[in-house]
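Asks: prediction below, plus the sequence it came from.
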Amino acid sequence: MVKGKVIENPESRFSALLLGAARLPGVRVDREAYLRTALARHCSEYEVRVATAETPAVAGVSLDVLERVADESIRYETAKVSALSAAAGFPGALALPATVPADLTQYVVHMLRISQKLAYLYSWPDLFSEDGDDELDDATKGVLTLFFGVMFGTQSANAAVGKVAKAMSEQVIKKLPQKALTQGVVYPVVKKVAGYLGVEMTKQTFAKSVSKAIPVVGAAVSGTLTYATFRPMARRLKAHLSGLDLATPAGQVIPGEVVQDVASPPEEQVKVPRPGRDWRVVRRRR
């Protein structure tokens, strides 16, 4: 009896789908490799190096450049997920028990992939552990759930993502804030969004079952339906992440030395930017 209730629980259904998709090969995006490849055609070598070592915001990569790169990634993932969905529609009604769950899983896989790509472009830290552990930790599971919520248009997820981003900006940390995502005001939102997503995923499963019922024709309908839903959802996440303070480019500094006179008035001293990774302030005495 208890087991049946767990299976029917929308939150548990979504969590199981998310965890299952996250274990599949090819779902995890290597942050450094992706940023290096994606930014290479648009940025200087110095900007790419800082973006991978720190973040695109620290490197001063403009939001215009990030938007172009983000749109390229969205087009790529949309084309892949639509083609796979169309292929799953060819067999027709006889194969529905196998093709519909597989199609939903690969849909979630590409949602995970585009979520990672957009997060890394807009200066979020690595979402997966570096030790290659197949299991998601609570913080990663929480933030991915919120990202999916943003893609589905839930305002509570928008607000929660903003709070998490603000916490990272204020603390200047390079990893997801575990406490913010597993305790306090954000965690109940994660659970609520997960339940909502479980219901929405069930609706999508039904819609895809209907679209795949007719062989060959179902392929075109399924592929079109996937394209029509995936692309706007990805663009919705891009719009939200790009508007957060976390994504705002820092003032760009040319590597070198800044010479400041110790006797300079305070109003002139404050104009000197703070020391960074690749340059330093040299105070000169008379």
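Replies: Right, received. Where do you want to start?

Asks: could you say what helices and strands the strand or helix carrying Lys238 packs with?
Replies: Per DSSP states H and E: Lys238 is located in helix 217-242. Helices and strands touching helix 217-242, by 3 or more C-beta pairs under 8 Å, 6 or more residues apart in numbering; DSSP states H and E, are helix 63-88, helix 96-121, helix 138-151, helix 155-171, helix 186-211. Heads up, the C-betas are built off the backbone N, CA and C, glycines and all.

Asks: residues touching Val189, list them.
Replies: With contact set as C-beta atoms under 8 Å, 6 or more residues apart in numbering, Val189 has these partners: Leu146, Ser156, Ala157, Ala159, Ala160.

Asks: the helices and strands packed on helix 217-242: which one's closest to Ala247?
Replies: Taking C-beta to C-beta, helix 63-88 is the member of the helices and strands packed on helix 217-242 nearest to Ala247, at 6.9 Å.

Asks: ok, now how distant is Lys203 from Pro125?
Replies: Applying C-beta to C-beta, to the nearest Å, the value for Lys203 to Pro125 is 33 Å.

Asks: likewise Lys166?
Replies: Distance of Lys166 to Pro125, given as C-beta to C-beta: 14 Å.

Asks: next one: Ser12
Replies: 28 Å.

Asks: now His110
Replies: In terms of C-beta to C-beta, His110 sits 22 Å off from Pro125.

Asks: so what's Leu197 up against?
Replies: Pro10, Phe14, Thr145, Phe148, Gly149, Phe152.

Asks: flag the least confident of those residues.
Replies: Ranked by pLDDT, the contacts of Leu197 bottom out at Pro10, which has 86.

Asks: that one - how many residues pack around it?
Replies: When neighbours are defined as other C-beta atoms under 10 Å, Pro10 has 16 of them.

Asks: perfect, I'm done here.
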